Every structure is written in structure tokens, then in C-alpha cells.
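**Student:** Pasting the sequence and the predicted coordinates here, then a few questions.
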Amino acid sequence: MTPGLVVTVLAEAGRGVGLGHLRRCQALATALAAAGANVEMAVAGEGWEPAPAVSLDWLGDTAALRAALDARRPDVVVVDSYRAEEPWLRALRGLAPCVVAIDDLADRALPVSIVINGAWHADRLAYRTDPDTLRLLGSQYALLDPIFAEPTTRPPAAQVRRVLVTLGGDADTAPLLAAAVAAVQRVIPDAIVDVAAVAPTPALDGAPGVTVHRRQPSLRRLIAAADLVVSGGGMTLYECLASGAPVVATVLADNQRLNVAEMARVGLIVAAEPSLEAAVARVAGDPSLRRALCVRGRESIDGRGATRVAAAIVGACRAV
């Protein structure tokens, strides 16, 4: 490890954005810290607490960001926000030797040292980067907490008795949770249903057979306990695959659409569209399909992506 490597991670999270950016940044920060780096995370947005990070409007307050970077003098700055545009990134390169962009859209020029996209289809996107930019693209670079590299020991169940419903960390998705739980209970009325939520869920509080888990620092325990997961199409989807959990995935935002479509096409998941209820019924009623989904998921996402990315960042810093 490069001695004294200092890393600043700039993430956007909270209301209107969700927690996917924060979660993958935390995973990378954990892997970098395990490699010996001194890591600090600054988060722009509201409603993402609690998390081990500093609140900083780094997108809107340029002076505050410059002061923070001048104080830390980082070797590496990692940026995760769709609002980090080309001119802003070019200016940032004047403040740190190595700038890393976590991006899954490829919708703008990214003049950075390293681009990371751990999506299944990432290597098919047309990124506009500098000629010497290192591209870490594909599911082998999925930024998951290193705990997901540890295989679960629980074999696939013969029947679906426990279902996890998790639709991301954006409060705007809270109304969808009740509808998803209702669909699950119509298909599997005797199942125990765990719900991972951030915002209040009055329609589900106290509902028979339903337990709401709020602001979980990690979903690993809930995923490992589930016989079936109903998930959004963001980072949680990759956590489920790494855990060997069968998944019915629904699209919650446009940037998730290709993710869900591609994974469903190759048989890693079952898509909820056009009918969540029908998809749940299909997976719940077919033990062989669930077993196949468990095996394929674990074979495709091994949970070591953050460790690979951390090693690549260290290597790039050594080269500089």
C-alpha cells in the first residue's frame, strides 16, 4: 500500500437521489481503508443519515469543497453523482493527482483518471474519456461491502416462507412498498415478510406477518434470511446476487431499466414487469428456478468488486 494514501470520497445521497450512491461509496471506502488508506467521505444531500460521513454541499458550494480539499490534500478524490459535469471534473483534476468517477450512465464526458461502473452491461456503454483513463467496467467491479464476498451457508429452501421487500432508500418509493407487500401476500399468504425502509410506512406498521426494518446499515442479514427477495434494480440487486438469493426485480428509475432487462435476459433474475404478482408467483412456485437463480447469482457476482477497485486505485497512484 502506498504509505499515507489520502482519499476523499464525494457522494450524493438522500431525498430524490436514494442511497445507492452512498452504499457503493461506503463499500469502496471500506475496501480502501482495509488496504491502509486514510479515507474521508463527504455527502451532499438530505435524509441519508446515519452514516459515517461528513455533510458537505460539495456540488453547490465550490468554496467549501476547495477549502476541504486544501485542508486534506488528498491523493485521490472519488466522485459519485450524475450532476458532476465535465467542467467541474476538469477543475477537480487541478486539485488532486487522481480523480475517480463512479458512473453508470455514460451520458457525458468524464475527464478523470479512472471510471468505475460495476453494472452487468457496463462494458457495452460508450464512455467519453481521456485516452489514458483507466476503465473498470463490468460486474467484477460491482462495489459491494466486502461482507458480501462471504458466501451464505443456507441452502435454497424447498418452499418460500420468508420474503424480503426492499425498494431502495429514496423516500419517494415508500408508497410502492405497501403495494409490493400486498402482491407478495396475495401469492404467498403465509409467508413472513420483511420490509427494508427508510421513510415512515404507516400502511405497513403493525400489519400481520410484516416486520419493517428501518435504516439498516447493511441488508446482508435480511437478504441471507430470505427465500425470495423483491428488489429495486440498483445496488441491492447486486447484493442479492452475491448472497445467492433469488430475486424478482422491479425498475424504480430509468437508469435501472437496462440493468434489470439485461440480467433478466441472461437468467440471473426475474423481472417484475409487466406484473409483479405474476413474477412472484412464478419464482415462488418453482423450486428448481430458485435454485438456478441462487447458483447463477453467486457465480456472476462474487462480492469482491470493491477490493479489486481499491487495488486498481492504489496501482494508479503508484504509477503517478
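**Tutor:** Nice, I can see it. This one's a predicted model, so the numbers in the text were calculated from it and none came from an experiment. Numbering: from 1, shown residues only.
**Student:** CA atoms for contacts and neighbours, from now on please.
**Tutor:** Fine.
**Student:** In the chain, where is pLDDT below threshold?
**Tutor:** 1-3, 50-51, 153, 169-172, 320 (pLDDT under 70).
**Student:** what residue is smack in the middle of it?
**Tutor:** Of all residues in the chain, the one closest to the mean position by C-alpha atoms, centre = their mean is M235, 2.5 Å from it.
**Student:** distance of that one from I301?
**Tutor:** 12 Å (C-alpha to C-alpha, to the nearest Å).
**Student:** Next, the distance between the ends of stretch 118-127.
**Tutor:** By C-alpha to C-alpha, the extent of stretch 118-127 from end to end equals 14 Å.
**Student:** buried set for it?
**Tutor:** Buried positions in stretch 118-127, judged by neighbour count with 16 or more other C-alpha atoms under 10 Å: G118, A119, W120, H121, A122, Y127.
**Student:** Was I right to think the second one contacts L136?
**Tutor:** No. With the criterion set as C-alpha atoms under 8 Å, A119 and L136 do not qualify as a contacting pair; they are 10.3 Å apart.
**Student:** helix, strand or coil for the residue nearest to F148 when sequence neighbours are not counted?
**Tutor:** Nearest-residue entry for F148: G303, 4.9 Å, with adjacent residues in sequence omitted and distances by C-alpha to C-alpha, 6 or more residues apart in numbering. Three-state call for G303 (DSSP: H, G, I helix; E, B strand; the rest coil): coil.
**Student:** For G303, what are phi and psi?
**Tutor:** phi 80, psi 10 (degrees, to the nearest 10).
**Student:** dump the residue contacts of it.
**Tutor:** The contact partners of G303, by C-alpha atoms under 8 Å, 6 or more residues apart in numbering, come to A142, L143, L144, D145, P146, I147, F148, A149, E150, E239, A242.
**Student:** S55 now?
**Tutor:** Shown in contact with S55 (C-alpha under 8 Å, 6+ apart): A42, V43, A44, G45.
**Student:** Over to T250?
**Tutor:** Counted by C-alpha under 8 Å, 6+ apart, T250 has contacts V230, S231, G232, G233, V260, A271, A272, E273, L276.
**Student:** which one of those residues has the most neighbours?
**Tutor:** Highest neighbour count within the contacts of T250: V230, with 29 neighbours (other C-alpha atoms under 10 Å).
**Student:** Next, give phi and psi for that one.
**Tutor:** Backbone torsions of V230, given as degrees, to the nearest 10, read phi -100, psi 110.
**Student:** Please tell me how far it sits from R73.
**Tutor:** Per C-alpha to C-alpha, V230 is found 43 Å from R73.
**Student:** what kind of secondary structure is V100 in?
**Tutor:** Three-state call for V100 (three-state DSSP): strand.
**Student:** ok, now A281?
**Tutor:** Under three-state DSSP, the three-state class of A281 is helix.
**Student:** can you count the residues close to it?
**Tutor:** Neighbour tally, A281, other C-alpha under 10 Å: 16.
**Student:** With A157 instead?
**Tutor:** If you count neighbours by other C-alpha under 10 Å, A157 ends up with 14.
**Student:** Just list the residues touching the residue nearest to it when sequence neighbours are not counted, thanks.
**Tutor:** Leaving aside its sequence neighbours, A157 sits nearest to D227 (C-alpha to C-alpha, 6+ apart; 6.3 Å). Applying C-alpha under 8 Å, 6+ apart, we find D227 in contact with P156, A157, Q159, V160, R161, R162, V163, A245, P246.
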